[in-house]
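Novice: Here is my input, please return the structure:
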Amino acid sequence: MRYLNRYDVENVSDEVAKAAAIRIFSEPQSDYCLYEKVDIANNETVIIWEYLPGQYDQRADSAEQCLSLLRASMASSVEVGTLPPKVRCAKMVILKGSVSAADVKKIEEYLINPVDSRLADDKKPETLEIKTEVPGVIEENAENVTEIVEQHVDTIKYGSFDDPITD
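Specialist: As a prediction, this is how the structure comes out:
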């Protein structure tokens, strides 16, 4: 089994990205840096997952901050760009050997918390910009709102019945 951290980076020059790979994204004494693509053998299964769009990713946030500092320190010697760096991270587990589809499903369910994460693919994204849709208009139904308030008026006034403050 191999465990990898994947960093998708945008708005940085190649020089800054290569410097970041060994100075920010990895521990040189223990990690190997791979650029662009990971070689996967025929007998290996890959599970890749990432945080949901909008979910806070501390690793990506820290990497963006470090990239900003690295770009500032390299500005006098290389082209660093003007747009702020963007980073998205994913985790990869590569399983070697024959693993059944049922076992892969169990491993995915163990590794991926559906509240904050989702399966990702191995394709390089065209952009790290998160595209969202504005939800449509929600029809307000005053009768339903009034009915719900009347049903729960005591809870609304006094808090939850399980609330230790009101017990």
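Novice: lowest-pLDDT helix or strand in this protein?
Specialist: helix 153-158 (a mean of 64; mean pLDDT, DSSP states H and E).
Novice: so which strand or helix has Cys89?
Specialist: Assigned by DSSP states H and E, Cys89 falls within strand 86-96.
Novice: Kindly apply the preceding question to Tyr3 instead.
Specialist: Going by DSSP H and E, Tyr3 is part of strand 2-10.
Novice: which strands and helices sit next to that strand?
Specialist: helix 58-74, strand 86-96 (3 or more Cβ pairs under 8 Å, 6 or more residues apart in numbering; DSSP states H and E). In this view, the C-beta of every residue, glycine as well, is placed from N, C-alpha and C.
Novice: can you put these in JSON lines and add mean neighbour count, distance to Val46 and mean pLDDT?
Specialist: Formatted as JSON lines, those follow (neighbours: other Cβ atoms under 10 Å; distance: least, Cβ to Cβ, whole Å; pLDDT from 0 to 100):
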{"stretch": "helix 58-74", "mean neighbour count": "16", "distance to Val46": "19", "mean pLDDT": "94"}
{"stretch": "strand 86-96", "mean neighbour count": "18", "distance to Val46": "5", "mean pLDDT": "95"}
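Novice: Would you quantify the distance from Glu50 to Ile107?
Specialist: 16 Å (Cβ to Cβ, to the nearest Å).
Novice: The two: who's more crowded?
Specialist: More crowded of Glu50 and Ile107, by other Cβ atoms under 10 Å: Glu50, with 22 against 16.
Novice: in the sheet, who's paired with the more buried one?
Specialist: Note on Glu50: beta-bridge partners by DSSP bridges are Ala90, Arg118.
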